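Asks: I'll drop the sequence and a predicted model, then ask my questions.
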Amino acid sequence: MSAQPHALWRLQPMQPAHLGEVLRIERESYAFPWTEGIFRDCLHVGYSAWVVVDPTGAVLAYALMSMAAGEAHILNICVAPQQRRRGLAQFLLRHLIMVARASGVTLLLLEVRKSNAAAQKLYARFGFNQLGERRAYYPAHDGREDALVLGLDL
């Protein structure tokens, strides 16, 4: 067995068959999760959608990104709670950047909750810079939470 967990991870395009596990992770991870319909719509329109699976085929993490007119927008990167702090988000982010570059994208954008310091730290390590804020962007238990808009020039 490899001492490096990423040697056991397989990256695959997200398929409708993955949605049961993706939705389970989404619901375990967020107080206001995406619906199955949102994921199906993302797949239907052809967004860049990926899962990381273990050797048994179990989904460990997923990511979705839209691309158009030289820009890409990371919509969601999510790691199963029991799989966090193993490098899966970094693994997926590196892949999304590679896909965006290969598609001719020059600007990669995303929103992140102002309270999500761990995600902000990850994006900063990859060179993302804050471009602005979106007021009351995310639902929250006590109303709405602001988002930071981050960008990476590719």
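Replies: Structure received. Residues are numbered from 1 along each chain as shown.
Asks: all strands for the protein, in order.
Replies: 10-13, 48-53, 59-68, 71-79, 107-113, 129-140, 143-153 (DSSP state E).
Asks: so who does the residue positioned nearest the centre of the chain touch?
Replies: The centroid of the chain falls nearest to Ile77 when counting by CA atoms, centre = their mean (1.5 Å). By CB atoms under 8 Å, 6 or more residues apart in numbering, the contact set of Ile77 is 61-63, 89, 92-93, 96, 119. C-beta here means a position set from N, CA and C on the backbone, and glycine is covered the same way.
Asks: would you check which pair of the residues you listed lies furthest apart?
Replies: Greatest spacing in the contacts of Ile77, by CB to CB: Tyr62 and Ala119 (14.9 Å).
Asks: those two: who's more crowded?
Replies: Tyr62 (26 against 17; other CB atoms under 10 Å).
Asks: measure the closest residue to that one other than its chain neighbours to Arg135 for me?
Replies: Counting by CB to CB, 6 or more residues apart in numbering, Tyr62 lies nearest to Val51, which is 4.7 Å off, once chain neighbours are set aside. The gap separating Val51 from Arg135 is 33 Å, by CB to CB, to the nearest Å.
Asks: quick one, which of the two is more surrounded?
Replies: Legend: neighbour count by other CB under 10 Å for Val51 and Arg135, higher for Val51 (24 against 8).
Asks: I'd guessed that one sits against Leu19; true?
Replies: No. Under the criterion of CB atoms under 8 Å, Val51 makes no contact with Leu19, lying 9.8 Å away.
Asks: all set, thanks.
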